[in-house]
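Q: Here's a sequence, model it:
(chains A, B, C and D, ligands or ions: 6)
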Amino acid sequence: MVTTAELTTEEKPEWCPGCGNFIILKALKEAIVQQGLEPHRILIVSGIGQAGKTPQSMRTFGYHGIHGRALPIATGARLANHTLKIIVIGGDGDAYAIGMGHFIHTMRRNLDLTYLVHNNQVYGLTKGQTAPTSIKGFKTKSTPTGSIEEPVNPIALAIAGGATFVARAYYKQTDDLTQLIIDGMQHKGFALIDIIQYCITFNKVNTPTWYDQRVYKLADEQHDPTNKIRAFEKALEGGERIPLGLFYRESRSTYEDELPQIKDVPLVHQPIDDVNINALIESFF
Amino acid sequence: MVTTAELTTEEKPEWCPGCGNFIILKALKEAIVQQGLEPHRILIVSGIGQAGKTPQSMRTFGYHGIHGRALPIATGARLANHTLKIIVIGGDGDAYAIGMGHFIHTMRRNLDLTYLVHNNQVYGLTKGQTAPTSIKGFKTKSTPTGSIEEPVNPIALAIAGGATFVARAYYKQTDDLTQLIIDGMQHKGFALIDIIQYCITFNKVNTPTWYDQRVYKLADEQHDPTNKIRAFEKALEGGERIPLGLFYRESRSTYEDELPQIKDVPLVHQPIDDVNINALIESFF
Amino acid sequence: MESNGLVWSIGGEAGDGILSAGEAFARACSRGGFHVFTETDLPSIVRGGHNAMQIRVDTEEIFAHAHEIDLLVALNKDTMLQHVNQLKPEGGIIYDGDKITLEQGDLGREDVRLFPVPLAGIVKQLEGKPILRNVVAVGASLGLMDYDLSLLDDLLAMSFRKKGETVVKQNIDAARQGYDYAKTRYSDRFPLKLRKSAAEPRMLISGSAAVCLGALRAGCKFVAAYPMTPNTPILEYLASKERDYSLVVKQTEDEIAAINMVIGASLAGARAMTCTSGGGFSLMVEGLGLAAMTEVPVVIIEGQRPGPSTGMPTRTEQSDLKFALSASQGEFPRIVIAPGDAEECFYLTMEAFNLAEKFQCQVIVLVDKYLLTSTRTVEKLDPARAKIERGEFLSDAQLAEMDEYIRYSDTPNGVSPRSIPGQRDGIFTSTSDEHNELGHIFEGKENRTWIVDKRFRKLKAAARVIPAPELRGEPEADLTFVGWGSTKGPIREAMKMLARDGVRANFLQLVYLSPFPAKRVGEILSKARKLILVENNKTAQLGGVIREHTGVLIPDRILRYDGRPFTPEKIHHKVMEVL
Amino acid sequence: MESNGLVWSIGGEAGDGILSAGEAFARACSRGGFHVFTETDLPSIVRGGHNAMQIRVDTEEIFAHAHEIDLLVALNKDTMLQHVNQLKPEGGIIYDGDKITLEQGDLGREDVRLFPVPLAGIVKQLEGKPILRNVVAVGASLGLMDYDLSLLDDLLAMSFRKKGETVVKQNIDAARQGYDYAKTRYSDRFPLKLRKSAAEPRMLISGSAAVCLGALRAGCKFVAAYPMTPNTPILEYLASKERDYSLVVKQTEDEIAAINMVIGASLAGARAMTCTSGGGFSLMVEGLGLAAMTEVPVVIIEGQRPGPSTGMPTRTEQSDLKFALSASQGEFPRIVIAPGDAEECFYLTMEAFNLAEKFQCQVIVLVDKYLLTSTRTVEKLDPARAKIERGEFLSDAQLAEMDEYIRYSDTPNGVSPRSIPGQRDGIFTSTSDEHNELGHIFEGKENRTWIVDKRFRKLKAAARVIPAPELRGEPEADLTFVGWGSTKGPIREAMKMLARDGVRANFLQLVYLSPFPAKRVGEILSKARKLILVENNKTAQLGGVIREHTGVLIPDRILRYDGRPFTPEKIHHKVMEVL
Ligand SMILES: Cc1ncc(C[n+]2csc(CCOP(=O)(O)OP(=O)(O)O)c2C)c(N)n1
Ligand SMILES: Cc1ncc(C[n+]2csc(CCOP(=O)(O)OP(=O)(O)O)c2C)c(N)n1
Ligand code: SF4
Ligand code: SF4
Ligand SMILES: [Mg+2]
Ligand SMILES: [Mg+2]
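A: Ligands and ions are numbered 1, 2, ... in the order given. Reported below is the predicted structural model:
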């Protein structure tokens, strides 16, 4: 059985002390340990941003790609080898600004991927600009008089977009976070876990205190995660009451399931050294 | 008062005989005529695709841009001159595949734009590939064994994404279509009108007969378009019953409203021949 | 003008079945042992608009379409008017005399021979759909030239098998009636005859199909692409082989997703590629750099068309060379290959996969509309010539023996042996940030210099295995053509014409544009008597690249940038002006 | 080693306030009439990691940072160890002696002078936050060099005004205590003194701020951008001026949206620009071609950093030249400008807007991290030198007089007069497809050739108004430096050093890279005795461009691609090797 220590590289994550990412990283490792997964069967694909640095400090396969494109990279890897467990990581800008198109399209395909979005409602790596999840009026150097855009609602979009597992976690509630990651990874299909993450350096508004006053658990309210309309209704909550936990879950066949050509052997293990194309050649006579 | 004839250029649209686009074009002209708008105050921005050719056959200002980017182009034009009436046109691939990211972000900004998406559930211009709105099992040369993706639901996404006017029209019900275009253009904020359009050449499944058996009017069912949850519920309908009309409407201040710098004069008419930057220069001493 | 070969052309409205008629004619000829070249001319419209297709048939090997035609099939009057001036003296026109009424004078030429055939009338009598006119017309053409009709019958039987016997019969009858009508009435007035030769049937293939066969033979397992002319046929052909050849072909939401999926699949160890045109390639540029930084092999088929921007989607141009050579921020090695004909499309696509994996680099295969959509009879493609070389993958056993697997280990040729996700002892992390040999972000100065150099060493290593360019044609020549890509065919034809004029020409075709074979090119150019650069673009991009690498300026340039491919005649004509 | 000037450096952890301390020191000097150059050295990390900043101060004009330093302020031990070898003989180090204990031997140098100052102690006593140590250190530095402390006091008062009087006082006290501590104890052991000169205060500005001022002065009304180092400061500065200068600054969802919004705004008639780095520019490439095809003016500020891909986000490189010159499919004219210092950033950004509108083309301003973030004292920028020229806009009256407005009308210089949406008689349609003069899709051959030529004529016209490159320095020189962009400063400094060695050098700075001034460059190069190419990249991209256009190969190259800018010393040293 792998231990947390074995999952850890010598590279210390280059985050500010007090950054919520440390706790998410811990929860992720914990989730892997609890599932007894083998590190070499795991691939973590991430985008660019503070959150994106995660694979650098984990001893699994890791690919730290470019800003906004983690999902298509993960999709390609998954289709080439669907025996891998693939976890995808991004920040809110990465996932919901530049990555929005892929976000919606990957969800409707229902590939078996687990997407962790570290949502700190700000651009961390580039030193504090407004993010698509920043609340209205949020002031940063790029919106010095306050943001005038309605923030994106990733939960609502995921439900509308066809995701089959949609959850929100709060980095401070580490056990719940760990459990949601486990559930997401066990879910057969695309799982979105939007994780409220504290950026101690650039987000002076949505602090843990701010959140502590607002969050509540869906589980405490007997929310039925199979009801899409109720899930959407819950997703629209915000402002003063912020629900946590599983909003929506649906069971639908995955993209991989629909591909007979990979039913028995993943693409990557199919032999290619002497593909017979004689029949094709004949077809041009 | 402008007439339909005056709105028409000598360029005949290069569409197949029987293509639904002809009727949508007619409805659009009709909507402009009925509103008594002046052609030179209108800018039509479109993407690439069959639908995107629309501005070529209209005598208003027109910009036929690139695939998937009509919304940002329109956004720029609108912010530079918010006295223009701007209509944006795209196909389903243009709007919901390659353009998905801009689609979601433009909606949440609530710029005063009217977006007409000619949804024929197929790629027309490139001769018949699967579109993001193609139904599961839809066979084309790019998915010869049938599409295995859940189609995007543009209405649900628009509601979740923050659009303030969300409607579906059917090209055959031309009066309703015309009225919806008028309502969308009169609406202060972003209006999406997803228009079912028949592609006679490449879509042999979702034909007018197919639709005639399925469509019904929301108005006939006393749907309340101010109720977001109900609107979402209606948006999830599909398959055997397809609602038409206004799903959702909300009144929220527009992006333009929030910019004091363009309150009196649009950017394009502000003088620039001798901008005084002396104070800035001094600030570097 | 009698010879066992001719140039046949068919034109009509989009929707008239020009392409299927042309293909049937071409295949009937290639099956009869002829050499064939076909070229289509289509606007960017689904219906309406003028479509045309030219089929050139010969007993000698041919490499390009021609400017002049012998026999024109006009399914509408517009076609007659548009193409009449392309007819050779005393060429013929088959058309529907009942529908198109015209005086000889309307055509502005006295010499052409008119062969009216009641196309619609025959179709009506057979109770066929209007599109069937095209088959009647092909039949009539064969009748006129006394060709073996059974070759066409076989093709029709095969094509329409799925639609049932009645349809097959209708088609065969249509062809026969056209054949008989023309043969009995006009055969003696049209001197050009085609006689089925004893030669074996020939392979007739387009550049695009050849690319697909190359990819399949190379073991490509994953294709992600977004439709874009002229590359959609590649996506579609490969999609149709998904199950039989066990690969996944994914139509993506856009080209950005396509290149990034390919990167993901290749990272996971599968051979993967994308195909696109310049506009889509523009969107792939960022992904290209990602692949380069993380050393993930990628194959991109880039089918050029006239730009900038949407440009002329269904036309041809060679205007993305410099873009392909320098696309994406920063500096990294890349391999750029420009096949010149269908055979090269096959062998070089195959080779692209080998090079990508052997050097863990990105290979761009630059093709264009003309090359992809024109078809040509070729020497039967030989899969055995196309061997798989996957470069350095570490086995589980090799990895188990290592203390620590070092993804970007230092090696003499810059290639660091790979592991793939799933290998127990091959765990690594990779990042688009600059990194150390372990793949960890690292900004040290010495490390940076070292790893940039390491990446560039791969290009040197690739240069050592890539074949040097050769002069084709007479070693001692009066003039040397210099070109790349699809101008190869027209240049070779022009060389034949020049030979007839007594001008000895040879041809330097640049196939590998990066790494650029500067030394060899410099040698060849410096020895040439007269250089003529031929490019299907405005700015003579290859000319610029050659001068950058060799210092040699080629002042004589034959350039064309109106969206059409060169005809051999045009090149020949321009050369005669220059000489 | 006494002189009225010195090189001062400060280092510590990210979060230690290195930048604000450095800026305060620099400004205190520029206000005292000194010439100043500052350069920062930061990793791509928000906190932790080593930050450093160098301020060079002189009574003579200076153009670059230096390799060697006179006085180091070390806020942690790591800084001492990392920078000790950069110290000139007998240079000094200010550090917190209470916190950092070390023997002279630890530093491996005997000659450096240690000036321990109880930074934390003073802060503690003032009940300040730990970050205040930086102010104490700056104060101590000024004390050591006997400078006028009131200059610093004024700055602190201004900077902290918003935070209230207590904070201001705390800062001023901190500076004073550091000043007194160092002055009384060490002043006689540190020979370098700065005496406030009679000269006026000087303007101290970064390349990035100069770009912003140029854009504002040019009447830029719309900016759309996505944050990306090193261009984020441009976005942020302009955002802070949105209201005062009445422009709209939009942070977009990505760079694709940014370029397309800019196109929309410019189409509507507003001057518009975007700023990005290579990665974002990669995503803008398709939009660039759209603007070109539809002839919409666009200004793009491209701030280079080491690539490929994410590369080294906070470092510098000049590796996107060829990419900028050939980005996007197809062929079209573009203007590429590379300012070399802050003044040029101002005047050329301003000019970029003029050229974009006058030639209805796309202007790429190529800058880099070094140029954007280093600051320099400059001759006060003169807005009057930067005049607005908007090119051909048709007035309502002019349009009313026309029979029909023809958007892409044929003109001798290729520029077709514009109308904008809203003008009653100026209605037109524009398309990214190839089109006729009215802007309607059209695929005709002659039309295509004509309109490609029309677009390219604009480049010729632009070439006529663009200033030719000039040789800077001695007309008769032993060697001629050739370079572009931010190497200008280090090269100019190196020339001073060479002059001291008796080597006469001059410098050909290429400012306009497209249209390329081939003739003039060829002339200059052919006359030079010895050419030395200096580029901050691996592949000598300018060298390639020069050879392509002039045939001249420059074999002597000083290249650097470790992510750091050249120091003058490095260039000087390399030159001496070559000579
Ligand atoms: C194409 C591109 N554009 C911009 C950037 C610069 N960039 C890096 S990370 C980032 C956003 C960071 O915010 P987020 O995704 O929320 O991640 P966080 O740092 O907050 O975890 C940006 C804009 C980039 N790397 N690539
Ligand atoms: C970047 C880019 N990729 C691909 C294309 C090719 N292309 C043109 S239109 C189109 C899709 C057409 O489908 P849709 O948007 O539904 O419009 P329709 O033709 O059905 O109206 C595609 C893929 C392009 N022009 N640009
Ligand atoms: S800037 Fe914010 S998100 Fe980034 S490491 Fe620091 S606290 Fe975390
Ligand atoms: S292909 Fe379809 S969408 Fe395009 S014009 Fe024809 S019918 Fe209309
Ligand atoms: Mg964030
Ligand atoms: Mg469509």
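
Q: Next one: the closest residue in space to C:Asn171 that isn't next to it in sequence relative to B:Thr209, how far apart?
A: Closest residue in space to C:Asn171, ignoring its immediate chain neighbours: C:Leu156 at 4.3 Å, by C-beta to C-beta, 6 or more residues apart in numbering or on different chains. Heads up, the C-betas are built off the backbone N, CA and C, glycines and all. Per C-beta to C-beta, to the nearest Å, C:Leu156 is found 32 Å from B:Thr209.

Q: C:Thr166 now?
A: Per C-beta to C-beta, C:Thr166 is found 26 Å from B:Thr209.

Q: Do I have it right that the residue nearest to C:Asn171 meets C:Ile172?
A: Yes. Counting by C-beta atoms under 8 Å, C:Ile172 is a contact partner of C:Leu156 at 5.5 Å.

Q: more crowded one of those two?
A: The neighbour count for C:Leu156 versus C:Ile172, taken as other C-beta atoms under 10 Å in any protein chain shown, is higher for C:Leu156 (23 against 20).

Q: Confirm that one sits in a helix?
A: Yes. Assigned with DSSP: H, G, I helix; E, B strand; the rest coil, C:Leu156 falls within a helix.

Q: As a check, name the ranges of all strands in the stretch 301-450 of chain C.
A: Under the criterion DSSP state E, counting those that start in this stretch, the stretch 301-450 of chain C contains strands at C:335-337, C:362-368, C:375-378, C:429-431.

Q: My error: substitute chain A in the last question.
A: Assigned by DSSP state E, chain A shows strands spanning A:42-46, A:61-64, A:85-91, A:114-119, A:122-123, A:129-130, A:165-170, A:191-196, A:215-217, A:242-249.

Q: export these to TSV and tack on distance to chain B, mean pLDDT and mean neighbour count?
A: Formatted as TSV, the strands of chain A follow (distance: least, C-beta to the nearest C-beta, whole Å; pLDDT from 0 to 100; neighbours: other C-beta atoms under 10 Å in any protein chain shown):
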stretch	distance to chain B	mean pLDDT	mean neighbour count
strand A:42-46	19	98	28
strand A:61-64	22	98	28
strand A:85-91	14	98	29
strand A:114-119	15	98	29
strand A:122-123	15	98	28
strand A:129-130	12	98	25
strand A:165-170	11	98	27
strand A:191-196	13	98	26
strand A:215-217	20	98	15
strand A:242-249	12	98	22
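
Q: export these to a markdown table and tack on distance to chain D?
A: Listed next are those as a markdown table, based on distance: least, C-beta to the nearest C-beta, whole Å:
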| stretch | distance to chain D |
| --- | --- |
| strand A:42-46 | 12 |
| strand A:61-64 | 8 |
| strand A:85-91 | 12 |
| strand A:114-119 | 14 |
| strand A:122-123 | 6 |
| strand A:129-130 | 5 |
| strand A:165-170 | 21 |
| strand A:191-196 | 18 |
| strand A:215-217 | 26 |
| strand A:242-249 | 24 |
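
Q: Mind putting those into a markdown table with distance to ligand 5?
A: Below are those laid out as a markdown table (distance: least, C-beta to the ion, whole Å):
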| stretch | distance to ligand 5 |
| --- | --- |
| strand A:42-46 | 13 |
| strand A:61-64 | 16 |
| strand A:85-91 | 4 |
| strand A:114-119 | 7 |
| strand A:122-123 | 5 |
| strand A:129-130 | 9 |
| strand A:165-170 | 15 |
| strand A:191-196 | 11 |
| strand A:215-217 | 19 |
| strand A:242-249 | 17 |
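
Q: As TSV, the ones you listed with distance to ligand 2 would be great.
A: Converted to TSV, these look like this (distance: least, C-beta to the nearest ligand atom, whole Å):
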stretch	distance to ligand 2
strand A:42-46	24
strand A:61-64	25
strand A:85-91	24
strand A:114-119	26
strand A:122-123	27
strand A:129-130	28
strand A:165-170	28
strand A:191-196	27
strand A:215-217	41
strand A:242-249	29
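
Q: Which among these is found nearest to C:Val578?
A: Proximity to C:Val578, assessed across these by C-beta to C-beta, is greatest for strand A:61-64 (53.8 Å).

Q: Point out where the stretch 51-200 of chain C drops to low pLDDT.
A: Along the stretch 51-200 of chain C, the parts satisfying pLDDT under 70 run over C:104.
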